[in-house]
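1. sharing a model that was predicted from the sequence below.
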Protein chains: 2
Amino acid sequence: MIQPAPLLPSTLTIQTFETHDIRFPTSLELDGSDAMNPDPDYSAAYVILGDGEYEGHGFAFTIGRGNDIQTAAIRALEPYVLGRDVSDLGAIYREMAHDSQLRWLGPEKGVMHMAISAVVNALWDLRAKREGKPLWRVLSEMSPEEIVDLVDFRYLTDELTPEEALEILRRAEPGRQERIAQALERGYPAYTTSPGWLGYDDDKLRRLCVQAIQDGFSQIKLKVGADLDDDIRRMRIAREVCGDGFPIAIDANQRWDTTTAVRWVDALAPYQPWWVEEPTSPDDVLGHATIARAIAPIPVATGEHVQNRVVFKQLLQARAISYLQLDAARVAGVNENIAILLLAAKFGIPVCPHAGGVGLCELVQHLSFFDFVAVSGSMQDRVIEYVDHLHEHFADPVVIDHGRYRAPTAPGFSATMHPESIAAYSYPDGPVWRSS
Amino acid sequence: MIQPAPLLPSTLTIQTFETHDIRFPTSLELDGSDAMNPDPDYSAAYVILGDGEYEGHGFAFTIGRGNDIQTAAIRALEPYVLGRDVSDLGAIYREMAHDSQLRWLGPEKGVMHMAISAVVNALWDLRAKREGKPLWRVLSEMSPEEIVDLVDFRYLTDELTPEEALEILRRAEPGRQERIAQALERGYPAYTTSPGWLGYDDDKLRRLCVQAIQDGFSQIKLKVGADLDDDIRRMRIAREVCGDGFPIAIDANQRWDTTTAVRWVDALAPYQPWWVEEPTSPDDVLGHATIARAIAPIPVATGEHVQNRVVFKQLLQARAISYLQLDAARVAGVNENIAILLLAAKFGIPVCPHAGGVGLCELVQHLSFFDFVAVSGSMQDRVIEYVDHLHEHFADPVVIDHGRYRAPTAPGFSATMHPESIAAYSYPDGPVWRSS
């Protein structure tokens, strides 16, 4: 009797681990400017794992200064990965997250947690490349039991036990194949933040709103929070251009205290904000709940700076958010994001991922397609953020087609940056920075 | 007319900034072992600022691996400090905490926030040395307006405005001089964690309980959370030795989920725990509130891993804690801790600082004496943790006298480590590590 060859040859272990401090001088163009982040230099603390045959790429996204610290934190994880097989991914993730000494630096938050994210995501990129499939399909073809095994339920069991998670996933099992076909055929709805950066003048805002609608986007987003009169004027312009009822979200990037948030949103309410994003500190669960109650029925959204699954759990428990905006590289990568998708499904809250930055669009699309196929089973009320920055540096960039993400088909997590881009934008010695 | 010389000569700016990665091999003795941290190597990511005449010392406390990352994060703050006068302390603090690019790495949490803590505390050490006074007296002699100016009220104003803070401080102004005299005469009550480390056997536990009472401590604390039968046995032994009614706190070091915490504490309730410390994730405000309601009247305490003032605000709002255990070096140093003392005073919750580790006893005593003199005005129900580790490495170590901290009198923040200790325990090249 002939045994089929195993999918993951266990002799292939991680043999190389290299990091790069990559920074793009985006502050020169005011791309990405908002009320809290006036001059970001979009950056990636980047890691490449190699098993001799395949490479796994991953990164933490930062906005400039401190990207060296973030890169050093990733490098500190090398001993957890070298010599290991990528099929031990679940164990490697848990060892990094629960290392008692490293844990003290968080726990499970900030620089050290984002470093774990980069490594976990690189392991998934490697694993998906070995399997010859895009990550979302690798995940979508795992059994509910295998998926549950990837999750760390610590601190979640008052709201989500492994048994409940299994039940959610089993409920979504029927129809997986149809939804994979739908995903490939129709893609996933996107919204664009490109018109709404604070640094843009009114004419550019107007022009980009028109463009967004022409491009087929079903929603746009404006940055707000620096000056109320400016925000009223910009929101009025956007509403005029986009027409009544077109979804226009607003994003304050944590600029407000609770009481200011309520006052400010009240002033913008006549222009029908679709949601209010990051109204205050991402740590302030109770503040978000207070704001949500005060501005209802205008919904609150947050997540890009939410540090881990424990804070997401509470935002859901407190009925503080109507949209959950997970980030691919702030929590501990794919594994913790599966926990977050499961929590959102349990509470019936749609996940609309944060993207933009460097490569975040490339990553989150996999999570949303997986959510659609195997977790929530729905695209209803769900959109993925899209920002048209820096995709040219990626080997498998996102494709937006009539305002929708096209499902990726290349093997991996779409995380691989071109070697030429890595070399050119390496900080401080790459040619782009040497000449500036 | 002759002008008085200014107290802080403005010509003295910070000219030097050096960092050290210092680690003590405490794991060899199981000192400091608890349910989450079985083998800590107590460490300090250490910074020394120099103005040509005085040195300011500060540090972040870690438990080993990652202390290099923490040290690198401190070094990244050098540009915010060099060339500045220490009298700009408030401004320097705000610039570091609100740097939009560095903020992305938190915000206000984890490695980058602890780095700010080390630098802020070093600036205070320098300032107090220049003034020739211990830090607690420098703070205790500032006007309410000056103190309020040190605080960052962002994200606090729904519970604490500058006006309310001023009112709290003004209410405590009468009697400051008497309380300074009392502090100098009577010190501040301490409790000891030394008997209760998980790695110690029953005989050592019994012996150290007897010792604690003989030494005059008014409270002890046991580590719990690894094994319930062990905890019941150890708690019974401690209760037998200490007698009925003697305060014995228990500390789970985040080991439990919410439901486990309630079950475990119920099993230990017959032995009358004085408080239950860190029952679950420090991020889980709602979980702490649930536990507090379920185990009442046994009180909940937490704080050593609480990342910033925003989470403390919520723990107080949710009535989740009965004791607030601030840490000197996890939040952004003295300035953020003043905000936390003010929040606690507003809610009438006693502050019982976390200490131990490396130099944390040395630091927190200043905050508690300041709280007594100028904020809460009370020592009622308040104790400072004391652990008898590593004090010999400090130039101005704490003095415990009949179970009470003696008020420090040497100028500064008691943060200065002996140069010989810095050299010996520097990692990885100090002689202690080279020979191990």
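-> Alright, I've got the coordinates.
2. enumerate the residues of the stretch 151-300 of chain A near chain B.
-> By C-beta under 8 Å from any C-beta of the partner chain, the residues of the stretch 151-300 of chain A that approach chain B are A:154-158, A:254, A:257-260, A:280-287, A:290. For glycine as for every other residue, the C-beta is placed from the backbone atoms N, C-alpha and C.
3. so where do the strands sit in chain A?
-> Along chain A, counting by DSSP state E, strands occupy A:16-23, A:43-50, A:55-62, A:188-196, A:220-223, A:248-251, A:273-277, A:300-302, A:323-324, A:384-386, A:400-401, A:404-405.
4. for B:Glu173, find the nearest of those.
-> B:Glu173 sits nearest to strand A:300-302 of all the strands of chain A, at 40.5 Å, using C-beta to C-beta.
5. in the sheet, which strands lie alongside that closest one, parallel or antiparallel?
-> Strands that pair with strand A:300-302, judged by DSSP bridges, come out as strand A:273-277 (parallel), strand A:323-324 (parallel).
6. and among those, the most buried is which?
-> Neighbour counts (mean count of other C-beta atoms under 10 Å in any protein chain shown) averaged over each of the strands paired with strand A:300-302 peak at strand A:273-277, with a mean of 25.
7. ok, and what's touching that one?
-> A:219, A:221, A:235, A:247-253, A:261, A:265, A:291, A:295, A:298-302, A:322-323, A:325 (C-beta atoms under 8 Å, 6 or more residues apart in numbering or on different chains).
8. make it 6 Å
-> When contacts are defined by C-beta atoms under 6 Å, 6 or more residues apart in numbering or on different chains, strand A:273-277 is touched by residues A:247-251, A:265, A:298-301, A:323.
9. and what of stretch A:130-150?
-> Contact with stretch A:130-150 is made by A:54, A:90, A:124, A:128, A:162, A:165-166, A:169-170, A:335, A:338, A:366, A:369-370, A:373-374, A:408-409, A:411, A:413, as judged by C-beta under 6 Å, 6+ apart.
10. check stretch A:54-62 too.
-> Here stretch A:54-62 makes contact (C-beta under 6 Å, 6+ apart) with A:43-49, A:70, A:114, A:118, A:121-123, A:125-126, A:129-130, A:329, A:357-358, A:360, A:415-416, B:104.
11. now render the strands paired with strand A:300-302 as JSON lines, adding distance to B:Glu185 and mean pLDDT.
-> Shown next, in JSON lines, are those (distance: least, C-beta to C-beta, whole Å; pLDDT from 0 to 100):
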{"stretch": "strand A:273-277", "distance to B:Glu185": "55", "mean pLDDT": "98"}
{"stretch": "strand A:323-324", "distance to B:Glu185": "56", "mean pLDDT": "98"}
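12. burial of A:Phe370, as a residue count?
-> A:Phe370 has 26 neighbours, counted by other C-beta atoms under 10 Å in any protein chain shown.
13. ok, now how distant is it from B:Pro397?
-> A:Phe370 sits 55 Å away from B:Pro397, going by C-beta to C-beta, to the nearest Å.
14. narrow the contacts of stretch A:130-150 to those in helices?
-> Secondary structure from DSSP state H places A:90, A:124, A:128, A:162, A:165-166, A:169-170, A:335, A:338, A:366, A:369-370 of the contacts of stretch A:130-150 in helices.
15. for chain B, state which of the residues you listed is nearest.
-> Nearest to chain B among the ones in helices among the contacts of stretch A:130-150: A:Pro162, at 12.1 Å, using C-beta to the nearest C-beta.
16. tell me, how many residues neighbour the closest residue to that closest one other than its chain neighbours?
-> Excluding its sequence neighbours, the residue lying closest to A:Pro162 (C-beta to C-beta, 6 or more residues apart in numbering or on different chains) is A:Val148, at 5.3 Å. A:Val148 has 21 neighbouring residues, counting by other C-beta under 10 Å.
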